[in-house]
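> return a 3D structure for these sequence lines:
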Amino acid sequence: MVKQKFNKGKIVIYKSSKGPEIQVKLEKDTVWLDAHLIAQLFGVNRPAIVKHLNNIYGTGELDKKSTCSVLEQVAADKKIRKMNLYNLDMIISVGYRVNSKRATQFRI
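Numbers count the residues shown, from 1 in each chain. Model (predicted):
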């Protein structure tokens, strides 16, 4: 596990022998991942994660204000891109909805 400082938080890199390498942002006592990294974590495609995110917010299971943070990044073309990051509560909720071997491992 490698730790690097990142805007008052930390980046922790997790790598297992069979799974993907995931860079996790730690800030305010929680983990923050974007939809692409959540998809990597559970071994599915990003559209499946986005569908579950929208369903979780749509049903009121979780509140967007408390589970989503917007990160602004400057891209190579100098344009500012906004990226939604989701906290551990959302990652766990998505993990219970995703149908994959990795998501099952995550749940146990």
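> where along the chain do the strands fall?
In the chain, the strands defined using DSSP state E lie at 2-6, 9-15, 21-27, 30-33, 68-74, 80-87.
> just the CA trace of the longest one, in CSV.
Meaning strand 80-87. The C-alpha trace of strand 80-87 is given here as CSV (Å, rounded to 0.1, in the frame of the first residue of the first chain):
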residue,chain,number,x,y,z
ILE,A,80,-11.6,22.4,-16.4
ARG,A,81,-13.4,19.1,-16.0
LYS,A,82,-15.7,18.3,-13.1
MET,A,83,-15.7,14.8,-11.7
ASN,A,84,-18.1,13.4,-9.2
LEU,A,85,-16.5,11.4,-6.4
TYR,A,86,-18.7,9.1,-4.2
ASN,A,87,-18.0,8.2,-0.6
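> adjacent strands (with direction) for it?
If you go by DSSP bridges, strand 80-87 pairs up with strand 30-33 (antiparallel), strand 68-74 (antiparallel).
> what are the buried residues along it?
Across strand 80-87, burial judged by 16 or more other Cβ atoms under 10 Å covers 84-87. Quick note: C-beta positions are derived from backbone N, CA and C, even for glycine.
> can you check the fifth one too?
Along strand 68-74, the positions that meet the burial threshold by neighbour count (16+ other Cβ under 10 Å) are 68-69.
> quick revisit: next, format the buried residues of strand 80-87 as JSON lines and append distance to Leu53.
Below are the buried residues of strand 80-87 laid out as JSON lines (distance: Cβ to Cβ, whole Å):
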{"residue": "Asn84", "distance to Leu53": "8"}
{"residue": "Leu85", "distance to Leu53": "12"}
{"residue": "Tyr86", "distance to Leu53": "7"}
{"residue": "Asn87", "distance to Leu53": "12"}
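> of those residues, which is the nearest to Asn99?
Tyr86 (18.9 Å; Cβ to Cβ).
> beta partners for that closest one?
Going by DSSP bridges, Tyr86 forms beta bridges with Leu33, Cys68.
> ok, it - contacts?
Tyr86 is in contact with 32-35, 38, 53, 67-68, 94, counting by Cβ atoms under 8 Å, 6 or more residues apart in numbering.
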